[in-house]
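[1] Quick one, what's the 3D model for this:
(2 chains)
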2 protein chains.
Amino acid sequence: MAVNPPQLSPPLTVPGFRVGTASCGVKSPESRGRRQDLTLISCTVGACSAGVFTQNRFRAACVRHGEETLAAHADSIRGIVANSGNANAGVGEMERIWSQQLIDSAAQATGMDAAYLLSASTGVIGTPFPIDRIREGMQDAAESLTPDNWEAAANAIRTTDTFAKWASAKIELNGETYTITGIAKGSGMIHPNMATMLAFVATDAPLTAAQLAPMLKRVAGRSFNCISVDGDTSTNDTLYLLSSGIGLGHAELTDSTLFEQALTELCMDLAQLIVRDGEGVSKFVTIEVSGAVSESDARSVGRAIAVSPLVKTAFAGSDANWGRILSAIGNSGVPIDTGSITLKADAITMLENGNLHPDYRDKEGMAVFAKDEFTLYVDLGAGEMSSTVWTGDLTHEYITINAEYRT
Amino acid sequence: MAVNPPQLSPPLTVPGFRVGTASCGVKSPESRGRRQDLTLISCTVGACSAGVFTQNRFRAACVRHGEETLAAHADSIRGIVANSGNANAGVGEMERIWSQQLIDSAAQATGMDAAYLLSASTGVIGTPFPIDRIREGMQDAAESLTPDNWEAAANAIRTTDTFAKWASAKIELNGETYTITGIAKGSGMIHPNMATMLAFVATDAPLTAAQLAPMLKRVAGRSFNCISVDGDTSTNDTLYLLSSGIGLGHAELTDSTLFEQALTELCMDLAQLIVRDGEGVSKFVTIEVSGAVSESDARSVGRAIAVSPLVKTAFAGSDANWGRILSAIGNSGVPIDTGSITLKADAITMLENGNLHPDYRDKEGMAVFAKDEFTLYVDLGAGEMSSTVWTGDLTHEYITINAEYRT
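    Below is the predicted model of the structure:
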């Protein structure tokens, strides 16, 4: 079940990048040939790059390795190798060795220097990494490298996602037109566990690594960090941004404001696709928090609402239970003047300045909560800052998916 | 559904305290006479008292009022008036007025000074408080005041609890025997929402208000703050401790260590009863975290495991999904050396020093997780401090209970 997955236009090619996929049977030998599970993204030049990683203290080898690689070579990354079907996590000492072997295999097949490659693995954890089967398929992936393979890659990085997720945008800067294309996967934490949010974004806009790193952190804060399926994060969550700068031969765009805006919108699109495909999700709810003293406060309030099991079950039950929303706001850790809060669901005002609105009728609230998409507006009445968070409901299907044996 | 609710011995009377109840039809006029919903706890002397309140920023009038009363009169509290069926919360300006009227009515019926009374309300929120029906029943409650009415009170404060919760203990200090008796209610957040954890504890041990306040905070930290049904807290959560000191006419016990120990055990008993009665809970899981740098770190790790939807659904599915437990530990915000973690389920070692134990067989882990009660042992390998947390599983029944309309 997914909430209104949109018909996506084909992803745009990005000057400087080629993409290839292969079917290795990562998950099991039997799955070989049935679905693509290996992805190569290759840049014809050294790409200026940045990464944002999981905040979980358990971090898979690919995450640790990627962080080190960026620390040394953020201005000359040559590509990404990614597999689905096995997260190469929770397997002890071998994790780092297999992670390096994955990169070495990609380097050998493509002729690129292994030191400049990033990697990502997603899938089951605690299961030995099938490096031999992946090596066998690597050449296929390398041979299929073409500029227009992004949709295949969006499919190849899927684990339990019910649809492939991508977004593209064109942006004009200083009279030049640049492209941004991103792919993502993730549908909540799934069978057997700690499945991963992955997103890879490529652009030809000429931005330096020094520009990209802080920008990507801000962008992630306003997109991927503003979604919640079940509030858990994984060992492997990774967002990579690679810029070929191919348009102007790495001549720096001194003002990156417009690019950051476009990148934020594109990442918000990808993040929302993940919520729409959340485990057991039957409703897509936007939570707009305004009137906060800081953006961070607004986001904390939005996230507190978005992760509350009581609020999420109320969404599932089409129950306009504003008391649960107030309680979640009160649990956010943000200082709140309870007498200043205004709460709306779409056009219906439920609370105004902390009191139930005299015209509010439960029936009207219920009608909004019965929709499969609606927006909650929370005005804290304390400041000028705002943030938007996207979430789904907590349903019987979520329990069914996650309470099943891993057999 | 409740997990192995124990057969409780009758609660012990506490010198200096009398308890009365009445049926007022708080929830609706039709409920009058069907169940007790008003409770009076009266102390024959001024009781040294302390309170611990919800951390939610939305706090009902009874909580704010109780805090103020303790600030002024913690050494001479005369009693508590409590009602179930209506939380007197989320109703705007009237909240404070109705709260005062509840106290005034109790004062009038008992002849005690209103300034020295505490109050607590639990039940539906956002519904006008039926102060008239409560006033009508107050005289009945006052007339039923007897020393041996604690079980009736444990029943009268219930909302959706499936069984009444109490605990009693005798403790010998300096050659004198003292009694502690506590009652509690709470079963997670329920129809319509923000239902409340209430606990009232009475003793005749001669302790000063100055001793009780910090002690009760520590005790709550090790008992009621160590349980999780769904991670949410309410507007009305309250724990009160009243000491009549009747045995020694308020002669101070200079060493309160043994008393604190007994009080902690009693509050742990009450807290565990709440988990056993948690919404939709079918399993009772104890999480013992050791090897932490601080007790606070240990508790944070325990709570992170206890509130993770992925861990709780794994419990529900009898799935020994250690990866989810690791991930929850990694999400706790506590600095973790992932190579030092040892994880056991009852007698089965799953992970040792961050690696899957060579003798571990999934079948054995599954057998533990299939039990309706088991213990997870997490050793962080970083220090000497520990904490224990109790939780339940996240089941279809929880969704059913909480996703239903409030009709």
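[2] Please report the residue range of the longest helix in chain A.
    helix A:257-276 (DSSP state H).
[3] Close to chain B: what parts of the stretch 251-400 of chain A are there?
    With CB under 8 Å from any CB of the partner chain as the criterion, the stretch 251-400 of chain A meets chain B at residues A:308-310, A:313-314, A:316-319, A:321-324, A:326-332, A:334-336, A:338, A:354-356, A:366, A:394-396, A:398-400. Glycine gets a C-beta too; all of them are placed from N, C-alpha and C.
[4] Among those residues, which are located in helices?
    Using DSSP H, those in helices are A:309-310, A:313-314, A:316, A:322-324, A:326-330, A:366, A:396, A:398-400.
[5] gap between stretch A:316-334 and the chain center?
    25 Å (CA atoms, centre = their mean, to the nearest Å).
[6] Tell me the span between the first and last residue of it.
    Using CA to CA, to the nearest Å, the end-to-end distance of stretch A:316-334 comes out at 26 Å.
[7] List the buried residues of it.
    Across stretch A:316-334, burial judged by 16 or more other CB atoms under 10 Å in any protein chain shown covers A:316-332, A:334.
[8] circling back: quick check: mean pLDDT across the longest helix of chain A?
    In this model, helix A:257-276 has an average pLDDT of 95.
[9] Please name every helix or strand in contact with that helix.
    Helices and strands touching helix A:257-276, by 3 or more CB pairs under 8 Å, 6 or more residues apart in numbering or on different chains; DSSP states H and E, are strand A:165-173, strand A:176-185, strand A:198-203, helix A:209-222, strand A:227-228, strand A:284-292, strand A:385-392.
[10] For these, could you give me a markdown table that also reports mean neighbour count and mean pLDDT?
    Below are these laid out as a markdown table (neighbours: other CB atoms under 10 Å in any protein chain shown; pLDDT from 0 to 100):
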| stretch | mean neighbour count | mean pLDDT |
| --- | --- | --- |
| strand A:165-173 | 19 | 95 |
| strand A:176-185 | 23 | 95 |
| strand A:198-203 | 27 | 97 |
| helix A:209-222 | 19 | 95 |
| strand A:227-228 | 23 | 79 |
| strand A:284-292 | 22 | 97 |
| strand A:385-392 | 23 | 94 |
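[11] now those as a markdown table including distance to B:Ala345?
    As requested, the helices and strands packed on helix A:257-276 are exported to a markdown table (distance: least, CB to CB, whole Å):
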| stretch | distance to B:Ala345 |
| --- | --- |
| strand A:165-173 | 36 |
| strand A:176-185 | 31 |
| strand A:198-203 | 31 |
| helix A:209-222 | 35 |
| strand A:227-228 | 29 |
| strand A:284-292 | 36 |
| strand A:385-392 | 31 |
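[12] any residue of the lengthiest strand in chain A up close to chain B?
    The single longest strand within chain A, with elements called by DSSP state E, is strand A:38-53. No - between strand A:38-53 and chain B, judged by CB under 8 Å from any CB, nothing touches; the nearest distance is 12.3 Å.
[13] Now the phi/psi pair for the closest residue to A:Glu252 other than its chain neighbours, please.
    Of all residues not flanking A:Glu252 in the chain, A:Thr208 sits nearest, at 5.5 Å (CB to CB, 6 or more residues apart in numbering or on different chains). Torsion angles at A:Thr208 (phi, psi; degrees, to the nearest 10) stand at phi -80, psi 160.
[14] same thing with A:Val63?
    phi -70, psi -50.
[15] And for the one 4 residues further on?
    Summarising the backbone geometry of A:Glu67 under the convention degrees, to the nearest 10, its torsions are phi -60, psi -40.
[16] Just give the number of residues close to the nearest residue to A:Thr146 once chain neighbours are set aside.
    Nearest non-adjacent residue to A:Thr146, counting by CB to CB, 6+ apart: A:Arg18, 5.7 Å away. A:Arg18 has 20 neighbouring residues, counting by other CB atoms under 10 Å in any protein chain shown.
[17] Just the angle for the helix or strand hosting A:Arg18 relative to strand A:176-185, thanks.
    In the assignment (DSSP states H and E), A:Arg18 maps to strand A:17-22. Between strand A:17-22 and strand A:176-185, the angle comes out at 20 degrees (axes from the mean of the first three to the mean of the last three CA atoms, to 10 degrees).
[18] buried stuff in strand A:17-22?
    So, applying 16+ other CB under 10 Å, buried residues of strand A:17-22: A:Phe17, A:Arg18, A:Val19, A:Gly20, A:Thr21, A:Ala22.
[19] how near is A:Arg96 to A:Leu102?
    Between A:Arg96 and A:Leu102 the computed distance is 11 Å (CB to CB, to the nearest Å).
[20] Hmm, I typed the wrong one, I wanted A:Val307.
    Taking CB to CB, one finds A:Val307 at 33 Å from A:Leu102.
[21] ok, now which ones touch A:Thr39?
    Shown in contact with A:Thr39 (CB atoms under 8 Å, 6 or more residues apart in numbering or on different chains): A:Val19, A:Gly20, A:Thr21, A:Ile80, A:Val81, A:Ala82, A:Asn83, A:Ala141, A:Ala153, A:Ala156, A:Ile157.
[22] Recalculate using a threshold of 6 Å.
    Contact partners of A:Thr39, counting by CB atoms under 6 Å, 6 or more residues apart in numbering or on different chains, are A:Thr21, A:Ala82, A:Ala153, A:Ala156, A:Ile157.
[23] burial count for A:Gln100?
    Around A:Gln100 there are 16 residues (other CB under 10 Å).
[24] Setting aside sequence-adjacent positions, which residue approaches it most closely?
    A:His65 (7.2 Å).
[25] now A:Trp150
    A:Trp150 sits nearest to A:Pro11 (CB to CB, 6+ apart), 3.8 Å away.
[26] and that neighbour, backbone torsions?
    According to degrees, to the nearest 10, A:Pro11 has phi -70, psi 150.
[27] Pretty sure it sits against A:Ala167.
    No - under the criterion of CB atoms under 6 Å, A:Pro11 makes no contact with A:Ala167, lying 7.6 Å away.
[28] quick revisit: ok, the residue nearest to A:Gln100 to A:Ser99 distance?
    As for A:His65, its distance to A:Ser99 is 5 Å (criterion: CB to CB).
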